[in-house]
Structure formats: C-alpha cells, structure tokens
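S.K.: Sequence plus predicted model, see below.
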Amino acid sequence: MWGQNIAAENSHRNARMSPYPGSKVVRCHVPNEKVSWLVEWREYNPVEYTASLVLARPQWADPQLGERNFCPRFNERDGNVERRSQEGFYEVRNGRPKNPVGRTGMSGRGILGRWGPNHALEPIVTRWKRDSMGNTVTHPVSRKNILQFVAIKRKDCGKWAIPGGMMDPGESTSITLRREFGAEATNSLRKSKAERQMLEKQLHRLFSQDQFVIYNGYVDDPRNTDNAWMETEAVNYHDETGEITCHLPLKAGDDAKEAKWVDIFDTLKLYASHWQFIQFVAEKRGAHWKEEHYHGHQR
Ligand code: RP5
C-alpha cells in the first residue's frame with residue numbers, strides 16, 4: 001500500500017529524523033538515495049537504541065530478542081499479537097524484522113513495543129463546515145464545500161494529529177477506534193458514569209455511520225526504526241448532515257492536550273503521515289483541498 005500511494009525515499013522522512021523522540025539519540029544519516037535496502041551500502045552502521053522504558057517490559061512491549069521463552073512468530077498472527085504487516089511479507093534478517101520501506105539510521109526498537117509492525121488505528125471523523133444559519137460553506141475559488149475533521153494536539157510533540165492509537169492485543173478494530181477517539185477527543189476516561197453513558201450513545205451513533213477505509217499500511221512515524229515500525233488503518237466516519245456531531249462534546253484527554261474541529265486544506269501541518277490520510281479523505285468526499293489556488297488568486 002505504501003509503495004503504491006506514497007513514494008518511499010521522499011516520504012520516509014520522519015523515520016530518519018534526529019534526535020529520536022523522547023531522547024537525545026542521533027540516528028546515522030541516511031541520504032534519500034540510500035533509503036532502499038536494494039541499494040547496497042556496506043558501511044551502513046545504524047545506531048542501536050531501545051528506550052529503557054521499553055526494556056523495563058511494560059505489558060505492551062516484547063522482550064528483547066534472544067531472551068528465554070521469547071520466540072516471536074514473525075509474519076504471522078502470534079497468539080493475540082498481530083505480527084503480520086499490511087505491506088505484505090517482511091524480511092527477517094539475523095532474527096530481526098526489517099523495515100519494509102527502508103533504512104532509518106537506527107536499529108533496535110526505539111520507543112516502540114513490538115519488534116516488526118506496531119499496529120494502530122485512526123478514526124477520521126468529518127463533517128461539512130457550516131455557517132451560523134446551518135448552510136454548508138463553499139470555498140470562493142474551488143467552489144467546493146469545506147470539510148472539517150476532529151483533530152487533537154499530541155502531548156508528546158505538540159503536533160496536530162488524527163486521534164489515533166495503538167491496538168491492544170486481541171482487541172477488535174471497531175472497539176479500538178471508538179476507545180481512542182473517546183479518550184483523546186472527548187476525555188471519556190475522566191467523565192462521570194452518567195456523562196459516560198450519554199457519550200457512549202453519541203459515539204455509538206457516530207461510529208455506526210457511513211464509514212470508509214481510507215488507508216491501511218505503513219506510517220512514516222518519527223518513532224520507526226530498522227526493526228520496528230508503525231502501521232495503521234485509517235477509517236473515515238462522515239456525518240453528512242452534521243446532526244450527530246453538533247452536540248459532540250470535544251475535550252482533550254489521555255495523550256492529547258487540545259481537541260477541536262479543524263478545516264481541511266492542503267496547508268495543514270500534521271503528525272507522521274496524517275496529512276496524506278486527510279488528503280485521501282478530501283478527495284474521497286469531493287471537498288475543497290488546494291489552498292494555494294486561493295492565495296494565487298488573491299495575489
Ligand atoms: C501514528 O501513531 C499513527 O498514525 C497513529 O496516529 C499513532 C498511534 O500512536 P500513539 O498515538 O498511540 O502514540 O504512527
């Protein structure tokens with residue numbers, strides 16, 4: 001999927017950035033032309049790093065390879081843990097899974113828990129922008145309606161993002177999508193029982209809506225390494241009339257410090273590959289996207 005939609009060298013950028021998130025560790029520099037494993041690079045010497053938090057073995061993390069009783073079944077469903085990649089079969093070299101897009105300048109797991117793919121899910125909740133009379137707002141140049149999505153500001157890096165999150169082992173897709181959206185965009189974990197019941201009803205209605213899988217595959221996440229990487233499935237829930245979401249109480253919670261409706265334009269700056277997912281949604285819904293036309297027109 002990644003290879004089909006997004007050019008590898010040009011888009012495998014976050015996965016080569018330094019310092020590595022939450023640390024001062026600097027990756028070995030990987031130039032664009034050396035990202036692909038198909039390009040021979042004998043001197044390649046990635047920095048080995050796995051955060052102490054991961055080595056302390058929280059329940060979401062694998063043990064180190066070679067530890068007793070740890071025999072991960074890569075490219076398979078391994079008990080409750082999904083070790084298959086949405087990109088297809090990945091290579092395992094010297095017992096370690098190999099990033100399917102290419103080199104990152106770092107080996108080990110960084111702050112990711114799983115060796116190989118770490119699976120997330122992304123609920124992209126959208127509605128049409130409306131004026132105070134309830135009419136949809138059309139862009140003056142493209143003449144297309146403006147779409148909005150629920151965005152959160154991440155606590156870890158301060159970037160705006162889709163309120164996605166990691167899948168728990170054995171959890172179903174629909175539960176993870178609803179749980180992550182509830183926790184990050186509506187602060188569901190901190191609500192009273194009565195408020196939670198009310199919210200649950202709203203979320204149930206919203207998530208039983210018109211939905212569409214926008215993307216599944218590799219994510220260009222700054223936490224990726226040569227041996228551990230993020231993958232996601234991004235699902236769009238669209239509220240065509242705006243009736244379901246008009247009373248949705250947005251409030252940041254969990255890993256988010258802000259939550260709000262954001263107008264969709266190509267000038268957005270978003271976390272990891274989220275800009276790409278939002279572009280796919282705008283295209284799918286026939287919404288306004290290219291803001292530069294507007295600025296060009298004004299000049
Ligand atoms: C990104 O990390 C995915 O696109 C998803 O949005 C997110 C999941 O990680 P956490 O938000 O749980 O850190 O790669």
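M.R.: Yep, that arrived.
S.K.: Residue 77: neighbouring residues, count only.
M.R.: Other residues lying near residue 77 total 10 when counted by other CB atoms under 10 Å. Just so you know, the C-beta spots here come from the backbone N, C-alpha and C atoms, and that holds for glycine as well.
S.K.: thinking it is in contact with residue 83, fair?
M.R.: Yes - with contact defined as CB atoms under 8 Å, residue 77 reaches residue 83; the gap is 7.0 Å.
S.K.: which one is the closest residue to the ligand within the stretch 101-250 of the chain nearest to, not counting chain neighbours?
M.R.: Checking the stretch 101-250 of the chain residue by residue against the ligand with CB to the nearest ligand atom singles out residue 164 as nearest, at 2.8 Å. Closest residue to residue 164 apart from its sequence neighbours, by CB to CB, 6 or more residues apart in numbering: residue 122 at 3.8 Å.
S.K.: in what helix or strand does that neighbour lie?
M.R.: Element membership for residue 122 (DSSP states H and E) is strand 116-128.
S.K.: Flag the shaky bits of the stretch 1-150 of the chain, pLDDT-wise.
M.R.: Low-confidence segments of the stretch 1-150 of the chain (pLDDT under 70): 1-11.
S.K.: Quick check: phi and psi at residue 97.
M.R.: Note on residue 97: its backbone torsions stand at phi -70, psi 150 [degrees, to the nearest 10].
S.K.: how about it, what does it touch?
M.R.: For residue 97, the contacting residues are 74, 90-91, 115-117, 227-228, by CB atoms under 8 Å, 6 or more residues apart in numbering.
S.K.: Try it again at 10 Å.
M.R.: 65, 72, 74-75, 83, 85, 90-91, 114-117, 226-229 (CB atoms under 10 Å, 6 or more residues apart in numbering).
S.K.: before we move on, back to that, I'd assumed residue 184 was in contact with the residue nearest to residue 164.
M.R.: No - contact criterion CB atoms under 10 Å: residue 122 and residue 184 do not qualify, at 11.2 Å.
S.K.: Touching both of the two, which residues are there?
M.R.: 161-165.
S.K.: Give me the residues contacting stretch 188-204.
M.R.: 123, 125, 177-183, 185-187, 237, 244-245, 247-249, 251, 253-254.
S.K.: let's see it at 6 Å
M.R.: Residues outside stretch 188-204 that contact it (CB atoms under 6 Å, 6 or more residues apart in numbering): 178, 182-183, 186, 248, 253.
S.K.: quick one: buried residues of that stretch?
M.R.: For stretch 188-204, burial by neighbour count (16 or more other CB atoms under 10 Å) applies to 188, 191, 196, 199, 202-203.
S.K.: Could you report the neighbour count for the closest residue to residue 261 other than its chain neighbours?
M.R.: Using CB to CB, 6+ apart and skipping the chain neighbours, the partner closest in space to residue 261 is residue 148 (4.5 Å). Counted with other CB under 10 Å, residues neighbouring residue 148 total 21.
S.K.: and if you look at the one 4 residues further on?
M.R.: Residues contacting residue 152 under the criterion other CB under 10 Å number 28.
S.K.: secondary structure class for it?
M.R.: What DSSP: H, G, I helix; E, B strand; the rest coil gives for residue 152 is strand.
S.K.: where do the helices sit along the stretch 151-299 of the chain?
M.R.: Taking DSSP state H, counting those that start in this stretch as the criterion, the stretch 151-299 of the chain contains helices spanning 173-185, 193-207, 274-285, 291-298.
S.K.: Close to the ligand: what parts of the stretch 151-299 of the chain are there?
M.R.: Counting by CB under 6 Å from any ligand atom, the stretch 151-299 of the chain comes close to the ligand at 161-162, 164-166, 219, 221, 230, 232, 255, 272.
S.K.: ok, 5 Å please
M.R.: Neighbours of the ligand within the stretch 151-299 of the chain, by CB under 5 Å from any ligand atom: 164-166, 219, 221, 230, 232, 272.
S.K.: just to revisit the earlier point, please identify every residue contacting each of residue 77 and residue 83.
M.R.: With CB under 6 Å, 6+ apart, residue 77 and residue 83 have no common neighbours.
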